[in-house]
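Student: here you go, sequence then predicted model.
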Amino acid sequence: MNRVVVTGLGAITPLGNDILSFWEGLMAGRCAIGPITKFDTSEHKAKLAAEVKNFDPREYMDKAELSRSDLYTQYAVAAACQAVADSEIAGKVAPERFGVYMGTGIGGISTFIVEHTKLIEKGPRRVSPLFVPMMIANIASGVIAIRFSCQGPNMPAVTACASGANAIGEAARLIRHGYADAMIAGGSEAPINPLSVAGFANMQALSTAEDPANACLPFDARRTGFVMGEGAAAVVLEEYNHARKRGAKIYAELAGYGCTCDAYHITAPEPSSEPAARAIMQALGEAGCAPDDKIYINAHGTGTPYNDKAETQAIKKALGEEIAKNTPVSSTKSMTGHMLGAAGAAEAVATVLALKNEVIPPTIGLTCPDPECDLDYVPLVKREYNFNLGLSISLGFGGHNVCLAFRKIES
């Protein structure tokens, strides 16, 4: 089996529009949640979100490209451009051995809303001929491939909140089994609009708090729901020897990937947490987890009553009670909100950066611990921690469970 390493990172997030500002925001424990500015929330239950701020897509796309791209594609292209530039891989991999897996939970929903409004108000002749290619969930992967001449495998992963993590894990498998030498992988989402917010709020998934500091509260007894976020994150994955031969900098090895399904309910987690625990154990098994490994877990940690309890249970079952109690776990969603299809990718990037810098991002807002969530969630402030194995867990509607395992690179 080929080894897979991370050689490039990119991020467009509510905490900042590049890797440095994203990481600095995480280290500062900065809350990126605030009042929604994209539309009038006076009739909405949920009034807060973690919006991307000061994003200028013209830094990455020309005027013609922008006119035919949904915002989710713009975010994806920006994150991919950053990751490719960071990796310095352009021109150093055969096009037919270079692929793209960019996940999304919803795709171009803003385009859908705009064009549907045209249909209702102005008739079918006014619907844009670009409506379908701007809306479909695979188009970000396609646009990124065009940009970087990636003629290898190209697909989206569409597994709700696990999309970005699935995209990275499946891309790694392609490299591991010899189908590609390098992959651009990640996730993107631009869901902050009246329709999406109303839909999530009406299913009682969103926090209706109006104080940003007390809205997204993973593992806290006061948690009532998640806060919607947006953005994109991307990694360049590369076959280890290919990366070494060209002298690439290597952030970490993607050593393990677990993927299971609850096969239970469209939104609620399976009560025993066994399938989620199995995804974690699969990732640990592939990564060759040993008794002396020091582990950090970036949790899915949404701040919903059911998720946080079920995820805590899954971690205990996967690691065993004693190891779980001594393993630091944190939720970066406490700062970024829930970036939906981009969340798993952004959290994978956060895990890689934590591994590289030996510092764990905190779970901010955690001041009232839930007795049923009784692990070490690194509350309020970052923590220095020299660990060698980082896990990133993502759990999606439909029962999708994903775990990525990153190892500190040594040889």
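Tutor: Looks like it arrived, so ask away. Numbering: from 1, shown residues only.

Student: tell me where the protein has strands.
Tutor: Counting by DSSP state E, one finds strands in the chain at the ranges 4-12, 34-35, 48-49, 98-103, 154-155, 182-189, 231-239, 252-261, 295-298, 329-330, 359-360, 383-384, 389-396, 400-407.

Student: need the winner for burial among these.
Tutor: Among those, strand 182-189 has the highest mean neighbour count (mean count of other Cβ atoms under 10 Å), at a mean of 35. Bear in mind the C-beta positions are built from the backbone N, C-alpha and C, glycine included.

Student: quick one: that one to strand 389-396, angle?
Tutor: 50 degrees (axes from the mean of the first three to the mean of the last three Cα atoms, to 10 degrees).

Student: partner strands of strand 182-189, with direction?
Tutor: Note on strand 182-189: by DSSP bridges, its sheet partners are strand 98-103 (parallel), strand 231-239 (antiparallel).

Student: then the last one to PDB, C-alphas only?
Tutor: Taking Å, rounded to 0.1, in the frame of the first residue of the first chain, the C-alpha atoms of strand 231-239 are listed here in PDB:
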ATOM      1  CA  GLY A 231     -16.800  28.400   3.800                       C
ATOM      2  CA  ALA A 232     -14.400  25.800   2.300                       C
ATOM      3  CA  ALA A 233     -11.200  23.900   3.100                       C
ATOM      4  CA  ALA A 234      -8.900  21.900   0.900                       C
ATOM      5  CA  VAL A 235      -5.800  19.700   1.200                       C
ATOM      6  CA  VAL A 236      -3.400  18.400  -1.300                       C
ATOM      7  CA  LEU A 237      -2.800  14.700  -0.700                       C
ATOM      8  CA  GLU A 238       0.200  13.100  -2.300                       C
ATOM      9  CA  GLU A 239       1.800   9.700  -2.500                       C
END
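
Student: quick one: distance of it to the chain centre.
Tutor: Remark: strand 231-239 is offset 11 Å from the chain centroid, using Cα atoms, centre = their mean, to the nearest Å.

Student: ok, now the shortest one?
Tutor: The offset between the C-alpha centroid of strand 98-103 and the centroid of the whole chain comes to 14 Å, using Cα atoms, centre = their mean.

Student: can you give me the helices in the stretch 101-250 of the chain?
Tutor: 109-122, 131-135, 139-148, 163-176, 194-202, 240-245 (DSSP state H, counting those that start in this stretch).

Student: residues contacting the last one, please?
Tutor: By Cβ atoms under 8 Å, 6 or more residues apart in numbering, the surrounding residues in contact with helix 240-245 are Asn2, Arg3, Val4, Val5, Thr7, Val93, Asp181, Ala182, Ile250, Glu253.

Student: may I see the buried residues of it?
Tutor: Tyr240, His242, Ala243 (16 or more other Cβ atoms under 10 Å).

Student: let me know whether Ile315 touches Asn326 as I believe.
Tutor: No - at 11.7 Å, Ile315 and Asn326 do not qualify as touching, with contact defined as Cβ atoms under 8 Å.

Student: who has more neighbours, those two?
Tutor: For Ile315 versus Asn326, the count of surrounding residues by other Cβ atoms under 10 Å is larger for Ile315: 25 against 12.

Student: which residues does the closest residue to that one other than its chain neighbours contact?
Tutor: Distance criterion Cβ to Cβ, 6 or more residues apart in numbering; nearest residue to Ile315, sequence neighbours excluded, is Ala324 at 5.2 Å. Applying Cβ under 8 Å, 6+ apart to Ala324 gives the contacts Ile315, Lys316, Ala318, Leu375.

Student: quick one: neighbours of the closest residue to Phe98 other than its chain neighbours, just the number.
Tutor: Excluding its sequence neighbours, the residue lying closest to Phe98 (Cβ to Cβ, 6+ apart) is Cys150, at 4.5 Å. Counted by other Cβ under 10 Å, the residues lying close to Cys150 total 25.

Student: quick one, what contacts Cys150?
Tutor: Cys150 neighbours (Cβ under 8 Å, 6+ apart): Pro95, Phe98, Gly99, Val100, Ile144, Ile184.

Student: then Cys31?
Tutor: By Cβ under 8 Å, 6+ apart, Cys31 lies in contact with Pro212, Ala213, Cys216, Ser334, Met335, Ile364, Gly365.

Student: most surrounded residue in the residues you listed?
Tutor: When neighbours are counted by other Cβ under 10 Å, Cys216 leads the contacts of Cys31 with 35 neighbours.
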